[in-house]
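S.K.: sequence plus predicted model, see below.
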Amino acid sequence: MERSARSYWDRMALRWRIPEPLAPGREDVAWFEHRTARYAATGARAALLGVTAAIATMRWPQATQLLAVDWSPGMLKNVWPAAGTPEATSVVCADWRELPLADASVDLMIGDGCYTALGRSAEAAPLNAEMRRVLRPGGAVLMRCFCRPAAGLRIDALFDELFSGRIRNLDLFRWLLAMAAHGASTSGVAVRSVWEHWAQRVPDARARRSRMGWTEDALDNMERMATATMHYSFATLEELLAVAAPAFEVLERDTPGYAWGELFPRIVLLRR
């Protein structure tokens, strides 16, 4: 993830309340389980980028050796699940672009929203190069991505949908707003700028909460952006696949069946 954002993620980890589809749901977990069984054999070595609990505690092939890697000590301490992971599991605090793993030592890489957390589109290539380095020949990457639509999203139209009640999940709206503010930028979107769009149009958010059905956790997540100094990156899926092409063959690309699923595509990449 973006290194300057470590303190932000440490604070988020103290009260981690992220609902679907920002966190993977049942359909996503089933997808990861099925592909893991397909691309990893018994006793496989797997690396999880991040501490996504739903993935960490899913069904793994027998005798899987799992290593979870996250840059935030707070996420490792407060969000990593205390139980339910493979017996041979370890965690390490490290940058995904500098993995503490030997060349060709891993069978499978798994992540959820990793490209977005890097902050800028230029960081996708170093991540791909590092994943390729540690994967054995023929090893696979399973990734759910957070992608803006090629046609773009309009900020005013999103607020119209929010206020009319057509978008009821405020955490999802936060992501949609970030994608709209991002546009075609290659420098990512400053998280604070997303907050500024929100605060300008909804200065009375707390007063509206009950009427709009927004949860306290969702408002807290929105308000945390006010002091954020980090960026998010929302490339289109085609942009991400183009950057991956030198290192990986695209084996699968899948669109979830839930609402707004096209913004959360799932991909399988094979190490060249």
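M.R.: Great, that's in hand.

S.K.: against Glu262, how distant is the residue lying closest to Ala244 once chain neighbours are set aside?
M.R.: Among residues not flanking Ala244 along the chain, Asn128 sits closest, at 5.3 Å (CB to CB, 6 or more residues apart in numbering). From N, CA and C alone the C-beta is placed, and that goes for glycine too. Distance, Asn128 to Glu262, using CB to CB, to the nearest Å: 22 Å.

S.K.: how close does the residue lying farthest from the centre of the chain get to Leu219?
M.R.: Most distant residue from the mean C-alpha position of the chain: Ala207, 30.6 Å away (CA atoms, centre = their mean). Ala207 is 11 Å from Leu219, where distance means CB to CB.

S.K.: now Gly165
M.R.: With CB to CB as the criterion, Gly165 and Leu219 are 17 Å apart.

S.K.: try Cys147
M.R.: Distance from Cys147 to Leu219, by CB to CB: 26 Å.

S.K.: kindly report the same for Gly138.
M.R.: For Gly138, the distance to Leu219 - CB to CB - is 46 Å.

S.K.: quick one, which of these two is more surrounded?
M.R.: Leu219 (18 against 10; other CB atoms under 10 Å).

S.K.: pLDDT on stretch 151-168, on average?
M.R.: Stretch 151-168 shows an average pLDDT of 96 in the prediction.

S.K.: make that stretch 259-272, sorry
M.R.: 97.

S.K.: so how far is the first residue of that stretch from its last?
M.R.: Start to finish, the residues bounding stretch 259-272 are 34 Å apart (CA to CA, to the nearest Å).

S.K.: helix/strand/coil for the residue farthest from the centre of the chain?
M.R.: Assigned with DSSP: H, G, I helix; E, B strand; the rest coil, Ala207 falls in the helix class.

S.K.: state the pLDDT value of it.
M.R.: Predicted confidence (pLDDT) for Ala207: 95.

S.K.: quick revisit: hmm, the residue nearest to Ala244 is touching Ala242, no?
M.R.: No - with contact defined as CB atoms under 8 Å, Asn128 does not reach Ala242; the gap is 11.0 Å.

S.K.: give me the more crowded residue out of these two.
M.R.: With neighbours defined as other CB under 10 Å, Asn128 and Ala242 compare such that Asn128 has more, 21 against 12.
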